[in-house]
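Colleague: quick one, structure for this:
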Amino acid sequence: MLIKILKKEYRDSKETDILKHEYTITKDLEIEEIVRPHELVTHDGVPALILEDFGGEPLTRLIESERMELEQFLGTAVKISTALEAIHGKRIIHKNINPRNILINSDTGQLKITDFEISSIMSKESSEKPPANMLEGNLAYMSPEQTGRTNSEVDNRSDLYSLGVVFYEMLTGELPFQAEAPLELIHSHIAKMPVPPHEVDIRIPETVSRIVMKLLYKTAEERYQSARGLKADLNRCLSESNATGKIGYFEPGGDDRSPVFTVSRGFYGREPELSLLKECFTEVCGGRKVMGLASGYSGVGKTSLMREANKAFAQKNRFFVTGKFERLKRDILYSGFIQAFRDLIGQLLKESEDIVSLWKSTRLCSFLMTSSGLTLPVSSS
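Modeller: As a prediction, the model looks like this:
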């Protein structure tokens, strides 16, 4: 048995709810490819999750120990895809796929996925987009939509992007994007395509490289739509490699179909307004001060416009924050500014210690610390 318990510094009510959430979401899942929970217990007021122990070790150790041969990669990739297919089949989005959460028993070859702390049920997630100042998961493996800075919802295809990062690391021994500042890494996930694996290592077949790159597309519609479709391509590569020692060229995704009906997430009908916002953004980056207000009845698309602008403005060393003055919050003074400052502070606190220290010494932070009318609502969340 394995016992999962939180460190002392994380034992507040919010953090302990994470273990309860993981237990609730996995206790009834009849899936061989996940680490099953046995029970959730409390000892001296501290919750502990009792998990099965099948002798698995994190995929991280395998990646760090030696370069993975092609056949080993393909075999492991098929197993991970099978596990993800089973999880998505139960309409669960894992939201934190990374090598530490993929366990392998080197003796039996058995593979399981663990750590469902921030997982969600697809039907419940579909109506919400993550806020930009609340990052959940490992940023190095996070999909563009999970950063909260795109006009997209999180679904099963977010996990497939994260899996693409894992595959990239398995093949090349390095991450597709590397940056010290979180904001720079977020920008890379949203706006940059990595160097294809076969250009990093010429021993990697181009078809395998194209499969990985398809997983890493910025928009979910361009990626694999299902783990099943991904597994079909990986099995084809494995069969060809075993039979002939080579992998021929084919277009990835030929046998891929979405397991659920989805509506296109394209942005339509607000191109002039978006263009105007881009012009204003360019002027601000050039040192000018520009103020603009977006108004309209509820449901006309103000929030979607700002989310699309956020996606377009995702650049290195740039912060984009929004605030909304709502009719039901008219009694809260400066409510829109409070939202914007809360968003900014949330993003700043995810930066490096040096950057946080720099901002603490600025006039803006000094103003916030002495303006109780703004500070109390901002810091209460």
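Colleague: do a quick rundown of the strands in the chain.
Modeller: Taking DSSP state E as the test, the strands found in the chain are 2-5, 37-43, 46-51, 57-58, 92-93, 102-104, 111-113, 120-121.
Colleague: so for Val78, which of those sits nearest?
Modeller: Smallest distance to Val78 across the strands of the chain (Cβ to Cβ): 9.6 Å, for strand 111-113. All C-beta atoms are positioned from the backbone trio N, CA, C, and that covers glycine.
Colleague: ok, back up a step: switch the strands of the chain over to a markdown table; also include mean pLDDT, mean neighbour count and distance to Lys246.
Modeller: Listed next are those as a markdown table, based on pLDDT from 0 to 100; neighbours: other Cβ atoms under 10 Å; distance: least, Cβ to Cβ, whole Å:
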| stretch | mean pLDDT | mean neighbour count | distance to Lys246 |
| --- | --- | --- | --- |
| strand 2-5 | 87 | 14 | 42 |
| strand 37-43 | 89 | 13 | 44 |
| strand 46-51 | 88 | 18 | 42 |
| strand 57-58 | 97 | 14 | 32 |
| strand 92-93 | 96 | 24 | 36 |
| strand 102-104 | 98 | 23 | 27 |
| strand 111-113 | 98 | 21 | 26 |
| strand 120-121 | 92 | 16 | 41 |
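Colleague: quick one: closest of the ones you listed to Leu274.
Modeller: Set against Leu274 and scored by Cβ to Cβ, the strands of the chain come closest in strand 92-93, at 28.6 Å.
Colleague: show residues contacting the closest one.
Modeller: 25, 29, 116, 119-122, 125, 154-156, 158-159 (Cβ atoms under 8 Å, 6 or more residues apart in numbering).
Colleague: what's the answer for stretch 61-79, then?
Modeller: With contact meaning Cβ under 8 Å, 6+ apart, stretch 61-79 is reached by 33, 59, 99, 104, 109, 111, 167, 169-171, 173, 203-205, 208, 231, 234-235, 237-238, 241-242.
Colleague: buried subset of those residues?
Modeller: Neighbour-count burial (16 or more other Cβ atoms under 10 Å) applied to the contacts of stretch 61-79 gives 33, 59, 99, 104, 111, 167, 169-171, 204-205, 208, 231, 234-235, 237-238, 241.
Colleague: so of these, which ones are in helices?
Modeller: Mapping the buried ones among the contacts of stretch 61-79 onto helices (DSSP state H) picks out Leu59, Phe167, Glu169, Met170, Leu171, Val208, Lys231, Leu234, Asn235, Cys237, Leu238, Ser241.
Colleague: got the contact list for the residue lying closest to Pro205 once chain neighbours are set aside?
Modeller: By the measure of Cβ to Cβ, 6 or more residues apart in numbering, the closest residue to Pro205 outside its immediate chain neighbours is Ile247, 4.4 Å from it. Ile247 makes contacts with Pro205, Thr207, Val208, Cys237, Glu240, Ser241, as judged by Cβ under 8 Å, 6+ apart.
Colleague: for the fourth one, what are its contacts?
Modeller: Under the criterion of Cβ under 8 Å, 6+ apart, the contact list for Cys237 reads Leu74, Pro205, Thr207, Val208, Ile211, Ile247.
Colleague: cool, the second one as well?
Modeller: Each residue near Thr207 by Cβ under 8 Å, 6+ apart is listed here: Cys237, Ile247, Gly248, Tyr249, Phe250, Pro252.
Colleague: measure Ser119 to Glu153 for me?
Modeller: To Glu153, Ser119 is 15 Å away according to Cβ to Cβ, to the nearest Å.
Colleague: next one: Pro37
Modeller: Distance, Pro37 to Glu153, using Cβ to Cβ: 28 Å.
Colleague: returning to what we had before: mind putting the strands of the chain in a markdown table, distance to Arg257 included?
Modeller: Shown next, in a markdown table, are the strands of the chain (distance: least, Cβ to Cβ, whole Å):
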| stretch | distance to Arg257 |
| --- | --- |
| strand 2-5 | 36 |
| strand 37-43 | 32 |
| strand 46-51 | 34 |
| strand 57-58 | 32 |
| strand 92-93 | 18 |
| strand 102-104 | 25 |
| strand 111-113 | 23 |
| strand 120-121 | 22 |
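Colleague: nearest to Leu139, of the contacts of Ile247?
Modeller: Val208 (25.7 Å).
Colleague: which residue is the nearest non-sequential neighbour of that closest one?
Modeller: In this structure, Val208 finds its nearest non-sequential neighbour in Cys237, 5.9 Å apart by Cβ to Cβ, 6+ apart.
Colleague: redo the ones in helices among the buried ones among the contacts of stretch 61-79 as CSV? Include distance to Arg342 and pLDDT.
Modeller: Listed next are these as CSV, based on distance: Cβ to Cβ, whole Å; pLDDT from 0 to 100:
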residue, distance to Arg342, pLDDT
Leu59, 37, 98
Phe167, 36, 99
Glu169, 34, 98
Met170, 38, 97
Leu171, 40, 97
Val208, 44, 98
Lys231, 42, 98
Leu234, 43, 98
Asn235, 48, 98
Cys237, 47, 98
Leu238, 49, 97
Ser241, 52, 96
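Colleague: could those go into a markdown table alongside distance to Leu49?
Modeller: As requested, these are exported to a markdown table (distance: Cβ to Cβ, whole Å):
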| residue | distance to Leu49 |
| --- | --- |
| Leu59 | 21 |
| Phe167 | 29 |
| Glu169 | 27 |
| Met170 | 28 |
| Leu171 | 33 |
| Val208 | 37 |
| Lys231 | 29 |
| Leu234 | 32 |
| Asn235 | 34 |
| Cys237 | 37 |
| Leu238 | 35 |
| Ser241 | 39 |
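Colleague: so who does the residue nearest the centre of the chain touch?
Modeller: The centroid of the chain falls nearest to Met142 when counting by Cα atoms, centre = their mean (2.9 Å). Neighbouring residues of Met142 by Cβ under 8 Å, 6+ apart: Leu135, Ser162, Ile186, His189.
Colleague: domain assignment for the chain?
Modeller: As assigned by automatic domain parsing, the chain contains the domains 2-51, 57-244, 271-379.
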